[in-house]
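Undergrad: Pasted the sequence and its predicted model underneath.
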Amino acid sequence: MAVPEISRKLSILQVARVCAILLVVISHINVLFYRNFEYDWLGLGRWDRLGGVDFFFVVTGFMIYYIYHRHFGVKGMARDFLLKRVIRIFPLYWLFTLILLGVAILFPMLHVPYSWDQIWKSMILFPSQPILTSAWSMSHVIFFYLMFTLVLVKPNIFKPIIGIWVLTTILLKSDLFIQWETFFFSFSTLEIVAGTLIAYVSLRYNMKEYASMFLAVGVLGYVGIWLNNFFNWFSFYSPILYCFFALIIVLGISIKDRTERKIPPSLIFLGDASYSIYIAHGPFLIFYMLLFRETLLINFLGYTLSMVIITVLTIISCCFVYVWIEKPMNGYLRKVMIKKKKKDTVIVSVQTWKGA
């Protein structure tokens, strides 16, 4: 049944994004320990993925459409949208990329020097392996933002073009006619676009009675994939199923989020800090792992307890990054770049009106 669109802050979905980031962190700590010590939890270090990045992609597309779907074709909105995205993503990303560059220069024994090609591609998030390897997914996010910006500018023109892009990507990934691996028709970007479709469905239709069922199916789907990864029952391209069940979970959460719910402040804080966790967790995991190894704490505590402590220390450190760096830096840049631009626009408008 179609219902009027109702937009409100989605607190539960904001918190659910924390779960996606934690899955990413757990996956990476297991990969690190397996590569360095041949130890991981339940074989997680050898899995392709835990589904956290797929959930992150879906939520990204959902939130962007949910927030900006009323602004298609509105003059100046595309510029504001893109500016806000740049402020949100690049400063913190650049900071940690430069930190890794500095470490490589000061301690060449820890890492092979980066080439200029790697450096400039990393700085603009060009489709390649970035210096901050844990941020590989951000190239797909940037590509999606550029596509969404075009839709904001000319929705009547670019919505059909994006539709053709979606069909082309599906056909290429199905391998029915041709096999062509290219960034511009990647499944990862398709996952983000799929999130916008779920946002449209959530805003358009009232499915309150099915919300719990959607959540149950989605969560059980994730558990089923993990069990299959552990027991190796079937062989399949896991991102497809992760994406499908992530879409179902996000749909269920968005329906339940229509009702005002009291969320613990600690979870809201972690949701706000999720981008800092996503960007900064890789360097902190490596730093704490090296610290524990060099101080022999790993030998004293054991691998399991060391992994738990390193994961907790990483999350705490990333939260400090959010409080001390990301939040004040974003606030300052928004004040300087966005509010100043709006103030200048108002002044020009007043001057034009006076001269009329």
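TA: Perfect, I can see it now.
Undergrad: can you pull the pLDDT of Asn36?
TA: On pLDDT, Asn36 comes in at 94.
Undergrad: should've said Met1
TA: Confidence at Met1, expressed as pLDDT, is 51.
Undergrad: what's the one helix or strand Tyr66 maps to packed up against?
TA: Per DSSP states H and E: Tyr66 is located in helix 52-68. When contacts are defined as 3 or more Cβ pairs under 8 Å, 6 or more residues apart in numbering; DSSP states H and E, helix 52-68 packs onto helix 11-37, helix 138-153, helix 187-204, helix 238-256. Just so you know, the C-beta spots here come from the backbone N, C-alpha and C atoms, and that holds for glycine as well.
Undergrad: That helix: what's the following helix or strand?
TA: Using DSSP H and E, the next helix or strand after helix 52-68 towards the C-terminus is helix 77-106.
Undergrad: Past that following helix, which element shows up next along the chain?
TA: helix 116-123.
Undergrad: Run through who's touching that next one.
TA: 94, 97, 101, 114, 126, 128-132 (Cβ atoms under 8 Å, 6 or more residues apart in numbering).
Undergrad: Need these in TSV (columns: neighbour count and distance to Ala246).
TA: Listed next are those as TSV, based on neighbours: other Cβ atoms under 10 Å; distance: Cβ to Cβ, whole Å:
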residue	neighbour count	distance to Ala246
Trp94	14	29
Thr97	22	28
Leu101	19	34
Tyr114	15	33
Phe126	14	27
Ser128	13	26
Gln129	11	24
Pro130	23	24
Ile131	20	28
Leu132	23	24
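Undergrad: who wins for proximity to Leu267 among the helices and strands packed on helix 52-68?
TA: Closest approach to Leu267 among the helices and strands packed on helix 52-68 is made by helix 11-37 (4.5 Å; Cβ to Cβ).
Undergrad: Give me the buried stretch members for that closest one, please.
TA: Under the neighbour-count criterion of 16 or more other Cβ atoms under 10 Å, helix 11-37 has 11-34 buried.
Undergrad: likewise stretch 135-144?
TA: Buried, per 16+ other Cβ under 10 Å, within stretch 135-144: 135, 137-144.
Undergrad: and it, average pLDDT?
TA: So the average pLDDT for stretch 135-144 ends up being 96.
Undergrad: Kindly export it (C-alpha atoms) in CSV.
TA: Output in CSV follows, covering the C-alpha atoms of stretch 135-144 (Å, rounded to 0.1, in the frame of the first residue of the first chain):
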residue,chain,number,x,y,z
ALA,A,135,39.7,2.6,2.4
TRP,A,136,39.6,0.8,-1.0
SER,A,137,35.8,1.0,-0.9
MET,A,138,35.8,4.8,-0.9
SER,A,139,36.6,4.9,-4.6
HIS,A,140,33.2,3.3,-5.3
VAL,A,141,31.5,5.7,-2.9
ILE,A,142,33.0,8.7,-4.7
PHE,A,143,31.9,7.3,-8.0
PHE,A,144,28.4,6.9,-6.7
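Undergrad: Off-centre distance for that stretch?
TA: How far stretch 135-144 lies from its chain's middle: 8 Å, per Cα atoms, centre = their mean, to the nearest Å.
Undergrad: So which of the helices and strands packed on helix 52-68 is nearest Ser266?
TA: With Cβ to Cβ as the criterion, Ser266 lies closest to helix 11-37 of the helices and strands packed on helix 52-68, at 9.8 Å.
Undergrad: Give me the packing partners of that closest one, helices and strands only.
TA: Partner elements for helix 11-37 (3+ Cβ pairs under 8 Å, 6+ apart): helix 52-68, helix 238-256, helix 265-272, helix 274-294, helix 303-321.
Undergrad: pLDDT at the most centrally placed residue in the chain, what is it?
TA: Closest to where the C-alpha atoms of the chain average out (Cα atoms, centre = their mean) is Phe56, at 4.3 Å. Looking at Phe56, its pLDDT reads 95.
Undergrad: Glu260 too?
TA: pLDDT, read off for Glu260, is 75.
Undergrad: swap in Val348?
TA: 38.
Undergrad: Equivalent analysis for Gln118, please.
TA: pLDDT, read off for Gln118, is 92.
Undergrad: related to what we said a few turns ago, closest one to Arg85 among the helices and strands packed on helix 52-68?
TA: Smallest distance to Arg85 across the helices and strands packed on helix 52-68 (Cβ to Cβ): 5.0 Å, for helix 138-153.
Undergrad: so where is the chain shaky, pLDDT-wise?
TA: Within the chain, the segments meeting pLDDT under 70 span 1-8, 175-179, 339-356.
Undergrad: one step back: now do the contacts for the residue nearest to the centre of the chain.
TA: Counting by Cβ under 8 Å, 6+ apart, Phe56 makes contact with 17, 20-21, 24, 137, 278.
Undergrad: The residues you listed: which two are farthest apart?
TA: Farthest pair in the contacts of Phe56 (Cβ to Cβ) is Arg17 and Ser137. Separation: 13.5 Å.
Undergrad: picking up where we left off before, among the contacts of Phe56, pick out the one closest to Asn232, please.
TA: Ranked by distance to Asn232 (Cβ to Cβ), the contacts of Phe56 are led by Val24 at 22.9 Å.
Undergrad: related to what we said a few turns ago, distance to Val151 added to the helices and strands packed on helix 11-37, as CSV?
TA: Formatted as CSV, the helices and strands packed on helix 11-37 follow (distance: least, Cβ to Cβ, whole Å):
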stretch, distance to Val151
helix 52-68, 9
helix 238-256, 20
helix 265-272, 26
helix 274-294, 23
helix 303-321, 32
